[in-house]
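>>> pasting the structure only:
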Ligand SMILES: Cc1cc2nc3c(=O)[nH]c(=O)nc-3n(C[C@H](O)[C@H](O)[C@H](O)COP(=O)(O)OP(=O)(O)OC[C@H]3O[C@@H](n4cnc5c(N)ncnc54)[C@H](O)[C@@H]3O)c2cc1C
Ligand code: SF4
């Protein structure tokens, strides 16, 4: 097992992400040794480990006079591509095996996508619902509807008790990795003091159990809600464990289905949860493999602005963004709507270079791996792929954020004001974005309503929006 990560890497991961991955690896190595395996483990700070995967692999091949390599296909396109050359480079046979932790192989996704004019998650999800038989009544969905998305958009009423986020006390192994990361990567983004992620399968299973018991029953209702000071609400916070392999997506879904059958969680909650994993997660992976390597240079809007400094410092007067980025710094986590409708929406409206945005999301989240992060960022949040992932940009003004959260009551801007010093920046940036991209977007039927409103807008107001947006974008965003 190799802890390979170079200090010079372009992606400077959140300190907690590094601790999570290295500590989970060390615990896993220990578990293997406990049941009698011999494990050759190259730690990050071991003499001679310069963080290069290929050099360490070569050393291991020589160390053991290896006569063949069996490897699971990499989830990362670059590494996967490099793997194709290993046999020739190393001069020994190589067997690349499929990663069986997914519901849909790359080949099945490619076959599903072939000849389709558009790829829509909903149809892909229905195909997998039929294939798994989950929440199905013969050929029909249980309850008569495939998707209860419309019922997943409630705001959290006052007086609702929110479940506690299950955290885990770092043990001696994790403590030593915390010290290592503190020592070797002191200037990476994030705080280490609040580390509380599970690093063993046993603890990840305990986190799953907690989610099913305390969060799942209300998961569906409040999926899109945001609340001041609340990092996880009813979300599962399981993505780092699923992506790392501490939990399998199948067992997570099966636990939710069991809760439905037992009557402890309702259909809208369980369908909403299954859709995220069976639908969105698998769909994003399929898009990644179908569209790479060209996908990484997607830039439909030709956006070029640098990433503002506050994405790293959280120092901004915009309360919503401050909350999301600060949570990210403390925990290496932000829930989906914070990622999509706050940091993502702001980057979209401001025309920030997709490469910089992509690098930010890959760096700051504990669950970030390119295969899932990139389609979410370039496709879902930025619409940089021109509509491969989504049928329209997730662009929204302050009114959306006000409706779904209590941030605006605590902000120095006012979401009801459209122009002027007190105006919420999301308001004028929203209309400015629509104006700047009118040629690209106005024929999209799903954008017809905002463009009708824009068409009725007096010329003077349009000019004021442009001027204020320009001023804001040039003055309020020191480059990060
Ligand atoms: C800009 C942006 C970047 C993102 N980057 C990542 C990333 O690097 N890694 C990652 O795993 N997710 C990413 N997501 C998707 C989603 O935001 C996270 O999976 C989710 O917030 C993780 O928190 P949770 O476990 O509490 O999720 P829950 O809300 O509890 O959802 C349950 C599970 O469904 C899956 N899921 C939900 N939405 C998605 C989605 N859109 N794509 C893939 N899986 C999904 C996850 O496995 C998650 O654990 C990103 C979303 C956006 C908008
Ligand atoms: S007023 Fe605007 S900037 Fe402030 S919290 Fe609300 S949406 Fe965010």
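Nice, thanks for sending it over. Note that the structure is predicted; figures quoted are calculated from it, not measured. Residues are numbered from 1 along each chain as shown. Ligands and ions are numbered 1, 2, ... in the order given.
>>> Work out for me the element the residue positioned nearest the centre of the chain sits within.
Central residue of the chain (C-alpha atoms, centre = their mean): residue 373, 4.9 Å from the mean position. Using DSSP states H and E, the element containing residue 373 is helix 370-374.
>>> buried set for whatever helix or strand comes next after that helix?
Sequence-wise, the next helix or strand downstream of helix 370-374 (DSSP H and E) is helix 398-404. By 16 or more other C-beta atoms under 10 Å, the buried positions in helix 398-404 come out as 398, 400, 401, 402, 404. For the C-beta atoms, the positions are set from N, CA and C on the backbone; glycine is no exception.
>>> quick check, nearest of those residues to residue 388?
Relative to residue 388, the closest of those is residue 400; by C-beta to C-beta it sits at 23.5 Å.
>>> wouldn't the closest one be in contact with residue 342 here?
No. Counting by C-beta atoms under 8 Å, residue 342 is not a contact partner of residue 400; they are 10.2 Å apart.
>>> For the closest residue in space to residue 383 that isn't next to it in sequence, which residues are in contact?
Nearest residue to residue 383 in three dimensions, chain neighbours excluded: residue 393, at 3.9 Å (C-beta to C-beta, 6 or more residues apart in numbering). Contact criterion C-beta atoms under 8 Å, 6 or more residues apart in numbering gives 348, 382, 383, 441 as the residues in contact with residue 393.
>>> Counting neighbours, what do you get for the third one?
Neighbour count for residue 383, taken as other C-beta atoms under 10 Å: 26.
>>> For the closest residue to residue 1 other than its chain neighbours, which residues are in contact?
Nearest non-adjacent residue to residue 1, counting by C-beta to C-beta, 6+ apart: residue 41, 4.9 Å away. For residue 41, the contact set (C-beta under 8 Å, 6+ apart) comprises 1, 3, 25, 26, 29.
>>> Which helix or which strand is home to the fourth one?
Right, the one you point to is residue 26. helix 15-34.
>>> Which strands and helices lie in contact with that helix?
With contacts taken as 3 or more C-beta pairs under 8 Å, 6 or more residues apart in numbering; DSSP states H and E, helix 15-34 sits against helix 172-184, helix 239-244.
>>> Would you mind finding the most buried of those?
Among the helices and strands packed on helix 15-34, ranked by average contacts under mean count of other C-beta atoms under 10 Å, first place goes to helix 239-244 (a mean of 23).
>>> Any figure for the gap between residue 147 and residue 466?
In this view, residue 147 and residue 466 are 38 Å apart by C-beta to C-beta, to the nearest Å.
>>> These two: which has the busier surroundings?
residue 147 (18 against 15).
>>> quick one: which helix or strand includes the more buried one?
Assigned by DSSP H and E, residue 147 falls within no helix or strand.
>>> My guess is it contacts residue 121. True?
No. Checked against C-beta under 8 Å, the pair residue 147 and residue 121 is beyond contact range at 9.9 Å.
>>> could you list every residue that touches the nearest residue to residue 438 once chain neighbours are set aside?
Nearest-residue entry for residue 438: residue 451, 7.3 Å, with adjacent residues in sequence omitted and distances by C-beta to C-beta, 6+ apart. By C-beta under 8 Å, 6+ apart, the residues touching residue 451 are 434, 438, 441, 442.
>>> what number of residues lie near the second one?
Going back to what we said before, that points to residue 438. Here the number of neighbours of residue 438 (other C-beta under 10 Å) works out to 14.
>>> Check it and give its pLDDT.
At residue 438, the model reports a pLDDT of 97.
>>> mind listing what's buried in stretch 450-457?
Those would be 450, 454, for stretch 450-457 by 16+ other C-beta under 10 Å.
>>> Report the residue spans of the chain with pLDDT below the cut-off.
Along the chain, segments meeting pLDDT under 70 span 477-480.
>>> Show me which residues of the chain are close to ligand 2?
For the chain, the contact set with ligand 2 under C-beta under 6 Å from any ligand atom comprises 318-320, 398, 401-402, 407-408, 411, 413, 415, 424-426.
>>> I'd like to know which of those are part of helices.
319, 320, 398, 401, 402, 425, 426 (DSSP state H).
>>> distance of the second one from residue 158?
Between residue 320 and residue 158 the distance is 19 Å, computed by C-beta to C-beta.
>>> Check the last one too.
As judged by C-beta to C-beta, residue 426 and residue 158 stand 25 Å apart.
>>> Which one's more surrounded, the two?
residue 426 (26 against 5).
>>> Correct me if wrong: that one contacts residue 346.
Yes. Under the criterion of C-beta under 8 Å, residue 426 makes contact with residue 346 at 7.2 Å.
>>> before we move on, the earlier item: show me the two of the ones in helices among the residues of the chain next to ligand 2 that sit farthest apart.
Once C-beta to C-beta is applied, these give 402 and 425 as the farthest pair, at 13.3 Å.
>>> quick one on the thing from earlier: CSV for the contacts of residue 393, including distance to ligand 1?
CSV is the format used below for these (distance: C-beta to the nearest ligand atom, whole Å):
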residue, distance to ligand 1
348, 10
382, 8
383, 11
441, 20
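>>> just curious, which of those is nearest to ligand 2?
Distance to ligand 2, by C-beta to the nearest ligand atom, is smallest for residue 348 among the contacts of residue 393, at 14.4 Å.
>>> what's the burial count for residue 251?
12.
>>> Over to the residue nearest to residue 438. Which of the three states is it?
Assigned with DSSP: H, G, I helix; E, B strand; the rest coil, residue 451 falls in the helix class.
>>> residue contacts, the residue nearest to residue 97 when sequence neighbours are not counted?
What sits nearest to residue 97 in space, not counting adjacent residues and going by C-beta to C-beta, 6+ apart, is residue 72, at 5.3 Å. Taking C-beta under 8 Å, 6+ apart, we find residue 72 in contact with 96, 97, 98, 99.
>>> what does the stretch 151-300 of the chain put close to ligand 1?
235-239, 242-243, 273, 276-277, 280-281, 284.
>>> Where neighbours are concerned, which of the residues you listed has the most?
Highest neighbour count within these, by other C-beta under 10 Å: residue 273, with 30 neighbours.
>>> Next one: the nearest residue to that residue once chain neighbours are set aside relative to residue 271, how far apart?
Leaving aside its sequence neighbours, residue 273 sits nearest to residue 256 (C-beta to C-beta, 6+ apart; 5.0 Å). Per C-beta to C-beta, residue 256 is found 9 Å from residue 271.
>>> repeat for residue 79
Counting by C-beta to C-beta, the gap from residue 79 to residue 271 is 35 Å.
>>> Look at the two and report which has more neighbours.
Taking other C-beta under 10 Å, residue 79 and residue 271 do not tie; residue 271 has more neighbours (26 against 13).
>>> didn't that one look like it was pressed against residue 147?
Yes. Counting by C-beta under 8 Å, residue 271 touches residue 147, with 7.1 Å between them.
>>> Pull up the overlap in contacts between the two.
Common neighbours of residue 271 and residue 147 (C-beta under 8 Å, 6+ apart) do not exist.
>>> if I read this right, residue 24 contacts residue 177, doesn't it?
No. Applying C-beta under 8 Å, one finds residue 24 not in contact with residue 177, separated by 9.5 Å.
>>> Mind splitting this structure into its structural domains?
Per the record, the chain has its domains at 15-97, 106-172+197-293, 310-475, by automatic domain parsing.
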